[in-house]
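[1] Whatever this is, show me its structure:
(2 chains)
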Number of protein chains: 2
Amino acid sequence: MNYHFSDKLVNLKPSAIREILKAPSDAETISFAAGNPAPETFPVEQLADLAADIFRNQSTVALQYGVTDGYGPLREAIAKRQKEVYGIGRSIAEGDSYNDTTIIVSGGQQGIELACKAFCNEGDAVICENPTFIGGLNSFRSCGCETIGVPLNEDGIDLAILEETIRKTPNAKLLYLIPTFQNPAGLTSTLENRKGVYEIAKKYGIMIFEDNPYAELRFAGEEIPTIKSMDTEGIVMYGSTFSKILSAGMRVGFVVAPEEVAAKMVVAKQSEDVHTNLFFQILCYKYMTECDLPAHIDFIRDVYRHKCGLMIKGLEEEMPASVTFTRPEGGLFIWVTLPDYVDMTAFIKATMAEKLRVVPGATFNCDVNEPSQCIRLNYSTPSDEQIVEGVKKLGKVVRAFVKE
Amino acid sequence: MNYHFSDKLVNLKPSAIREILKAPSDAETISFAAGNPAPETFPVEQLADLAADIFRNQSTVALQYGVTDGYGPLREAIAKRQKEVYGIGRSIAEGDSYNDTTIIVSGGQQGIELACKAFCNEGDAVICENPTFIGGLNSFRSCGCETIGVPLNEDGIDLAILEETIRKTPNAKLLYLIPTFQNPAGLTSTLENRKGVYEIAKKYGIMIFEDNPYAELRFAGEEIPTIKSMDTEGIVMYGSTFSKILSAGMRVGFVVAPEEVAAKMVVAKQSEDVHTNLFFQILCYKYMTECDLPAHIDFIRDVYRHKCGLMIKGLEEEMPASVTFTRPEGGLFIWVTLPDYVDMTAFIKATMAEKLRVVPGATFNCDVNEPSQCIRLNYSTPSDEQIVEGVKKLGKVVRAFVKE
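    Predicted coordinates:
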């Protein structure tokens, strides 16, 4: 058969990273390519106990159809925590000009896709940081949208270029940002930069989707207020997830958005999957209310502080001065930049030959043909031994390409 | 804020049924409006034991990210059962001209939406039975597609009108059908009708999505081969679900489709939710391989044979001769047709006043403004007592509107 696929999907490729992860590997292969949380950060025993309790006492509800916007008690528990810990969530009752509401989505990914579906027609444009999360880019492409990248500088997205880009792109309907522990660049934008982004979005009437999957993973430095926390006008949708703190495979995330916007996202969600797995929504609720989530998050932060530190230490020892790398205060990734003269295709091939997996930076560009001298390293998935060993392998490859 | 939502969502309303189900009710209210499986058909104790086992022995895999196309062993177990029981699934190794593959989706709903995304651009048309599943209609609308209805006759979709409609609609890219225990009309199309549909689709090169959520719920009569089982050309996508046999709230369904088509659906799925809840995928696999699924399905069929029989008996006693109703051999619904002179708006209001919930037939029309003299009754959700009592309430309302 000669299939005639839709324009939006005909050239869309699966995530290059997910393809890299599928490639054959053996016991010696060390992967810094994943973005998986460390399995030891899943509170397995507590989840098992809570699950047994749900089967005993709530099975009729937990196994039956639920409502699309999500399990009510979980929505409330999240809204309460977001308000108390992050100052997120407006209400008319408190003197704000609009109400925010919290809805449950099937992982952070679905929140991004629903935001695009709510505001963009085919042929519209989404403005993104460049580089950015490939899952976000593919969501926009799968909605038939063009993705337009704005470069990052040391403070965050380049504000002058952002404003110029919005001005030149009348069909830009959405601004997609990961201001905190940006994936892949590891950058956390400054408060001033966030204020600047908000003012520009307000000025041009463009909606923001603030993606914050790593919100809870700060292991150093000071918390910086989210853009959503500044949202007096109701132009920001804020997405996050339980994937990095309880379980990635369960696919439970959430979006905080103005009521009217959330209602549109819910209609779109109903047409995609009716609702998110209800059993695990209840499980998240029980974990939030019956276990010590803040203590668990502290534990996860300790794990990543250690793993990140180990990788940084290795990089400091192994990398020549002309190779730079980020020193993140949270999240899962380190972004390494190689000198301009390095042939990146040959470099990536050499890492593969060395049985090391890293993600080439070009993967994250809005324009896939734009080259990149960067690679993304993940420290959450490999063991301590693999981090030490893998950075040594990387050093060996780098020394073959970089003349100090 | 004056939000500018996308064209496809700006006028899309939530499912009328889900809104009816949210309306306030009290203990006396009897609902025939849902489409939920009977909670007693969920094998709670076995699922609880299997879940405990997964937490003990497979938690690292089950709680971590998985692959988008689904848990391999579950895909294989489903493919095996579909081949053996329903003759579904082609392979070049067996002399067919193409390979089918099975992918896991987040409930039957997602399969429908992905099929539309794969083949339709905004502005394209999807041809459906009229009336049809509102979740399907809303998926197509949320993809920016027009829905065009073709009436049902006693054999299934009207073949002459179907061919005429396809001929007149050059932008029709998908034909959406529920040939077995059709929702809402309860109709099962004949073998001849199915062959006719397949030939027309082949002739005009239009893809078919065969939705078969009630596949396992036949409690009377003879199995009729699916359209997918006739698919020598690779033009049929076949969707089904575990929602009616293990748990609706877990959101695990599957699609059998030609490899090239399934690959496009997987790319689209990756952008929606990365993958389906992995824990419950493993749970389904374990249930299929460690428990007696056929015996469990027999049990479910007994439950619905009894409940359907009870409702039919009540309708035979209560309904005047001018009111007709289907006598389904499976599925979850009975479709009742009232005389032309009945004012349906007043009729539905009267059922509400009587604390009875039914779904007005117009809800299921492709054109929501087209009137309908029908109502849909569900017998799986109410208890036996509620079925008996509810049909009596219905009889009382009908007698107030229908002059024999």
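
[2] Double-check that A:G149 belongs to a helix.
    No: A:G149 is assigned strand when assessed by DSSP: H, G, I helix; E, B strand; the rest coil, not a helix.

[3] all strands for the stretch 101-250 of chain A, in order.
    Assigned by DSSP state E, counting those that start in this stretch, the stretch 101-250 of chain A shows strands spanning A:125-130, A:146-153, A:156-157, A:172-177, A:207-211, A:236-241.

[4] would you turn these into JSON lines with mean neighbour count, mean pLDDT and distance to chain B?
    Glycine gets a C-beta too; all of them are placed from N, C-alpha and C. JSON lines is the format used below for these (neighbours: other C-beta atoms under 10 Å in any protein chain shown; pLDDT from 0 to 100; distance: least, C-beta to the nearest C-beta, whole Å):
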{"stretch": "strand A:125-130", "mean neighbour count": "25", "mean pLDDT": "98", "distance to chain B": "12"}
{"stretch": "strand A:146-153", "mean neighbour count": "18", "mean pLDDT": "96", "distance to chain B": "12"}
{"stretch": "strand A:156-157", "mean neighbour count": "26", "mean pLDDT": "98", "distance to chain B": "23"}
{"stretch": "strand A:172-177", "mean neighbour count": "24", "mean pLDDT": "98", "distance to chain B": "8"}
{"stretch": "strand A:207-211", "mean neighbour count": "27", "mean pLDDT": "98", "distance to chain B": "8"}
{"stretch": "strand A:236-241", "mean neighbour count": "28", "mean pLDDT": "98", "distance to chain B": "11"}
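
[5] mind putting these in CSV, distance to B:L246 included?
    Conversion of the strands of the stretch 101-250 of chain A to CSV gives the following (distance: least, C-beta to C-beta, whole Å):
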stretch, distance to B:L246
strand A:125-130, 38
strand A:146-153, 39
strand A:156-157, 46
strand A:172-177, 37
strand A:207-211, 33
strand A:236-241, 26
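
[6] Geometrically speaking, which residue is the centre of chain A?
    Nearest residue to the geometric centre of chain A (C-alpha atoms, centre = their mean): A:P213, 4.6 Å.

[7] Go ahead and confirm that one touches A:Y238.
    No: with contacts counted by C-beta atoms under 8 Å, A:P213 stays clear of A:Y238, the gap being 11.2 Å.

[8] What are the phi and psi values at the residue nearest to the centre of chain A?
    In terms of degrees, to the nearest 10, the main-chain angles of A:P213 are phi -70, psi -20.

[9] Next up, the contacts around it.
    Going by C-beta atoms under 8 Å, 6 or more residues apart in numbering or on different chains, A:P213 touches A:108, A:178, A:183, A:239-241, A:243-244, A:253.

[10] can you give me phi and psi for the closest residue to A:R218 other than its chain neighbours?
    Using C-beta to C-beta, 6 or more residues apart in numbering or on different chains and skipping residues adjacent in sequence, the residue nearest A:R218 is A:G330, 3.8 Å away. Here is the backbone geometry of A:G330 (degrees, to the nearest 10): phi 180, psi -170.

[11] quick one: what helix or strand has the residue of the stretch 301-404 of chain A found nearest chain B in it?
    The nearest approach of the stretch 301-404 of chain A to chain B comes at A:T381, 9.3 Å away (C-beta to the nearest C-beta). Applying DSSP states H and E as the criterion places A:T381 outside every helix and strand.

[12] Could you do A:W335 as well?
    A:W335 belongs to strand A:333-337 when assigned by DSSP H and E.

[13] circling back: which residues does the residue of the stretch 301-404 of chain A closest to chain B contact?
    A:31-32, A:34-38.

[14] Let's see that with 7 Å instead.
    A:31, A:34, A:36, A:38 (C-beta atoms under 7 Å, 6 or more residues apart in numbering or on different chains).

[15] Just the pLDDT at it, thanks.
    On the pLDDT scale, A:T381 is placed at 93.

[16] Would you map the helices across chain A?
    Listed in chain order, the helices of chain A (DSSP state H) span A:7-10, A:16-22, A:44-57, A:59-63, A:72-86, A:108-119, A:134-142, A:159-168, A:191-204, A:259-273, A:278-290, A:293-318, A:344-353, A:384-401.

[17] For B:A350, find the nearest of those helices.
    Among those, helix A:259-273 comes nearest to B:A350, with 28.8 Å by C-beta to C-beta.

[18] Name the residues of the closest one that come out as buried.
    Using 16 or more other C-beta atoms under 10 Å in any protein chain shown as the test for burial, helix A:259-273 gives A:261-273.

[19] got the angle for it vs strand A:236-241?
    Per axes from the mean of the first three to the mean of the last three C-alpha atoms, to 10 degrees, the angle that helix A:259-273 makes with strand A:236-241 is 40 degrees.

[20] which secondary structure elements does helix A:259-273 contact?
    Judged by 3 or more C-beta pairs under 7 Å, 6 or more residues apart in numbering or on different chains; DSSP states H and E, the packing partners of helix A:259-273 are strand A:100-105, helix A:108-119, strand A:253-258, helix B:7-10, helix B:108-119, helix B:134-142.

[21] Let me have those in CSV, extended by mean pLDDT and distance to B:D53.
    Putting the helices and strands packed on helix A:259-273 into CSV (pLDDT from 0 to 100; distance: least, C-beta to C-beta, whole Å) gives the following:
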stretch, mean pLDDT, distance to B:D53
strand A:100-105, 98, 27
helix A:108-119, 98, 29
strand A:253-258, 98, 27
helix B:7-10, 93, 42
helix B:108-119, 98, 27
helix B:134-142, 96, 33
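
[22] do you know which of the ones you listed lies nearest A:T324?
    helix A:108-119 (28.8 Å).

[23] Can you spell out which helices and strands pack onto the closest one?
    The contact analysis (3+ C-beta pairs under 7 Å, 6+ apart) places helix A:108-119 against helix A:134-142, strand A:172-177, strand A:207-211, strand A:236-241, strand A:253-258, helix A:259-273, helix B:259-273.

[24] Not counting that helix itself, show me its contacts.
    So helix A:108-119 is in contact with A:105, A:126, A:135-136, A:139-140, A:143, A:145, A:173-174, A:207, A:209, A:211, A:213, A:237, A:239-241, A:243, A:253, A:255, A:261, A:264-265, A:268-269, B:5-6, B:9, B:142, B:271-274, going by C-beta under 7 Å, 6+ apart.

[25] now stretch A:352-370
    Applying C-beta under 7 Å, 6+ apart, the external contacts of stretch A:352-370 come out as A:16-17, A:20, A:28-33, A:128, A:130-132, A:134, A:137, A:147-149, A:184, A:344, A:348, A:351, A:371-377, A:390, A:393-394, A:396-397.

[26] Ok, stretch A:231-242 next?
    Against stretch A:231-242 from outside (C-beta under 7 Å, 6+ apart): A:88, A:90, A:97-98, A:107-108, A:111-112, A:115, A:201-202, A:207-213, A:215, A:226-228, A:252-258, A:261, A:284, B:1.

[27] Run a quick neighbour tally on A:A115.
    32 (other C-beta atoms under 10 Å in any protein chain shown).

[28] now the one 3 residues further on
    A count of neighbours around A:A118, defined by other C-beta under 10 Å, yields 27.

[29] What of the one 3 residues further on?
    Other residues within reach of A:N121, judged by other C-beta under 10 Å, total 18.

[30] what sits against it?
    B:6-7, B:122.

[31] out of everything not next to it in sequence, what's closest to whatever residue of the stretch 251-400 of chain A ends up closest to chain B?
    Proximity of the stretch 251-400 of chain A to chain B (C-beta to the nearest C-beta) peaks at A:L278, 3.6 Å away. Sequence neighbours aside, B:G249 is the residue nearest to A:L278 in space, at 3.6 Å (criterion: C-beta to C-beta, 6+ apart).

[32] got it, and A:Q82?
    Closest to A:Q82 by C-beta to C-beta, 6+ apart is A:I88, at 4.2 Å.
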